[in-house]
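# Predicted structure and sequence below. I'll ask about it afterward.
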Amino acid sequence: MYKTTIGLEIHFEAKTKSKMFCSCYNEANSSLEEKPNTNICPICTGQPGAMPVINEEAINKVIMAGLALDCEIAKQSKFDRKNYFYPDLPKGYQISQYDLPICNDGFLDISLGDGRKKRIRITRVHMEEDTAKLFHAPDGPSLVDFNRSGVPLFELVTEPDINSAEEAKKFSQELQLIFRYLDISNADMEKGQMRCEVNISLNKEGDKELGIKVEIKNLNSFKAVEKSIEYEIKRQADLLDRGEKIVQETRGWHDDKQITISQRGKENAHEYRYFPEPDLPPLEISAEKIEEIKSHMPELPSQKRTRFAEEYSLAEKNIEFFIRDEALAEYFEKVVTELNCWKNETEAAKKQPAKSWPEMIKLAANYIISDLQSMIKADKAENYSAEYVESKITPENFGEFICMISMGQISSKIAKIVLLEMFKTGADPSHIIEEKGLSQIESDEEISKIIDVVLEKNKKAVEDFKNGKQNSFAFLIGQIMAESNGKANPEKSAELLKTKLK
Ligand SMILES: [Zn+2]
């Protein structure tokens, strides 16, 4: 058995108005794909004599990332030149940070499936600029698009604290969530706004030294992160089993074949000759600035998890849903506010609480997560916002809807019809119920008539019930609901049925 040790290096394109060192528009800010080489200037195309200027918005955002990850924020930092030649790097060097990154020594706790938590230490998060993009035509020239050149990048490096593919995936997913909550990166992996590199080595359990490190690049989905690690663990274990040596190298993930392929060996490793960027002043980050940013930090996923558990006592599965769907989470909280008003202000609520308060909140969560969500999906609304959801059904109407179910005024069958109608028309539930003749049948006489019809049709079930088969009762109730199109008051129906069966 071998022990797997993994470290991650993750790049995020920052969501800022302009690029890192010039005022060109940053495409990572929107989902629009612009025409190649339209957002460029002498600075981001590396013209001689062009002078870079530090983008303060990007610096503020990397500080936010650092604070969210419990990093130390450096009071003094600087930019360095990382020298190498490649056609996507017009200056012949990349402006990055070498020995004084802005954020140091942080951590992120991830939840593993079995309820365990694991702390992954974060070595650093620094700021740098992205390179241009190369396009290789199959049988033509290679083309360069400089729109991406100079886009601000956060580079995050972890300590080798990760020990499985699952942990690597969970860590990257949580990081994506945090950066999206902070609104500092769209972190879309398919669009290259979040890029993961994995360092992985295997050694024998109990070995003091780590094994030979292999780097995996070109991972553009969480699935690729997970699958490439699983593949690499097996590949390296097989080599070690046969007594062969692992080659220190960079490997690329081949998504179609689901394998890693050797890209370059150690002999080609770069010597970057870092030195301080002479065109930029050193960065001074004041304690006041850090405090100022801290005071404007939005709620983080972990804080929201705790709050949703404490305030609403929802099941973990439902909390996770709301953590990932911010629009519906916001909507849910507005509905709860409406329910609260109703609870405090309505006489009916004080007299006749058909369902307990936690039950009502759970009911609201369930109708939002299951029914409302599928209506939104059917409406083909992508990337919907809370405003969009509210434009369909106001939180007030949704709250009223939940109250009606809680008070036993409509059955769950009728509820589904009413909700769909609410979504389609935007009308309030009581209006729909009246208009569509969906109100509950309350009269004993009418329910009695319906039960008689049902009993006549289901003599076998009646016989079974009399012979002690308890299930038949539920069956008959189901038949009564069907016969009345879901309108018979369920409690009254049950009572009357009991009497009749005696
Ligand atoms: Zn520019």
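All right, it came through fine.

# Geometrically speaking, which residue is the centre of the chain?
The structure's the chain has its C-alpha centroid closest to residue 324; by C-alpha atoms, centre = their mean the separation is 4.0 Å.

# Quick check: it touching residue 177?
Yes: between residue 324 and residue 177 there is a contact at 7.2 Å, judged by C-beta atoms under 8 Å. The way it works is simple: take the backbone N, C-alpha and C, and place the C-beta from them, glycine included.

# Show me the protein divided up by domain.
2-295, 301-435, 444-501 (automatic domain parsing).

# Mean pLDDT added to those, as CSV?
Putting the domains of the chain into CSV (pLDDT from 0 to 100) gives the following:
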stretch, mean pLDDT
domain 2-295, 94
domain 301-435, 89
domain 444-501, 87
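
# In contact with the closest residue to the ion within the stretch 251-400 of the chain, which residues?
With C-beta to the ion as the measure, the residue in the stretch 251-400 of the chain that lies nearest the ion is residue 279; the distance is 14.4 Å. Residues touching residue 279, when contacts are defined by C-beta atoms under 8 Å, 6 or more residues apart in numbering, comprise 51, 52.

# Secondary structure element holding it?
In this structure, residue 279 sits in neither a helix nor a strand according to DSSP states H and E.

# So what are the sheet partners of the host helix or strand of residue 82 and their directions?
Taking DSSP H and E as the criterion, the element that holds residue 82 is strand 80-83. Partners of strand 80-83 in the sheet, by DSSP bridges, are strand 93-96 (antiparallel), strand 275-276 (antiparallel).

# just those strands: most buried one?
The densest packing among the strands paired with strand 80-83, expressed as mean neighbour count by mean count of other C-beta atoms under 10 Å, is seen in strand 93-96 with a mean of 20.

# Check the gap between the residue nearest to residue 55 when sequence neighbours are not counted and the ion for me.
For residue 55, ignoring the flanking residues on the chain, the nearest one in space by C-beta to C-beta, 6 or more residues apart in numbering is residue 20 at 5.3 Å. Per C-beta to the ion, to the nearest Å, residue 20 is found 9 Å from the ion.

# can you check residue 411 too?
63 Å.

# list the contacts for that residue?
With contacts defined as C-beta under 8 Å, 6+ apart, the neighbours of residue 411 are 440, 481, 486, 487, 488, 490.

# And for stretch 386-401, what's in contact with it?
By C-beta under 8 Å, 6+ apart, the surrounding residues in contact with stretch 386-401 are 326-328, 330-331, 334-335, 337-339, 341-342, 364, 367-368, 372, 375-376, 379, 381, 415, 418-419, 422-423, 426-430.

# Straight-line length of it, end to end?
Start and end residues of stretch 386-401 are separated by 18 Å (C-alpha to C-alpha, to the nearest Å).

# What residues of it count as buried?
386, 389-390, 392-401 (16 or more other C-beta atoms under 10 Å).

# Can you add distance to residue 221 and secondary structure and give those back as JSON lines?
Formatted as JSON lines, the buried residues of stretch 386-401 follow (distance: C-beta to C-beta, whole Å; DSSP: H, G, I helix; E, B strand; the rest coil):
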{"residue": "386", "distance to residue 221": "27", "secondary structure": "helix"}
{"residue": "389", "distance to residue 221": "28", "secondary structure": "helix"}
{"residue": "390", "distance to residue 221": "32", "secondary structure": "helix"}
{"residue": "392", "distance to residue 221": "31", "secondary structure": "helix"}
{"residue": "393", "distance to residue 221": "34", "secondary structure": "coil"}
{"residue": "394", "distance to residue 221": "37", "secondary structure": "coil"}
{"residue": "395", "distance to residue 221": "35", "secondary structure": "helix"}
{"residue": "396", "distance to residue 221": "40", "secondary structure": "helix"}
{"residue": "397", "distance to residue 221": "39", "secondary structure": "helix"}
{"residue": "398", "distance to residue 221": "35", "secondary structure": "helix"}
{"residue": "399", "distance to residue 221": "39", "secondary structure": "helix"}
{"residue": "400", "distance to residue 221": "42", "secondary structure": "helix"}
{"residue": "401", "distance to residue 221": "38", "secondary structure": "helix"}
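
# if we can go back for a sec, ok, which pair from the contacts of residue 411 is furthest apart?
Checked with C-beta to C-beta, those reach their widest spread between 440 and 481, with 11.1 Å between them.

# pretty sure residue 220 is touching residue 195, no?
Yes: A contact is recorded between residue 220 and residue 195 when judged using C-beta under 8 Å, the distance being 7.3 Å.

# Quickly find the element holding the residue lying closest to residue 439 once chain neighbours are set aside.
Nearest-residue entry for residue 439: residue 433, 5.2 Å, with adjacent residues in sequence omitted and distances by C-beta to C-beta, 6+ apart. According to DSSP H and E, residue 433 maps onto helix 429-435.

# ok so, going back, closest to the ion among the contacts of residue 411?
Using C-beta to the ion, residue 486 is the member of the contacts of residue 411 that lies nearest the ion, at 63.2 Å.
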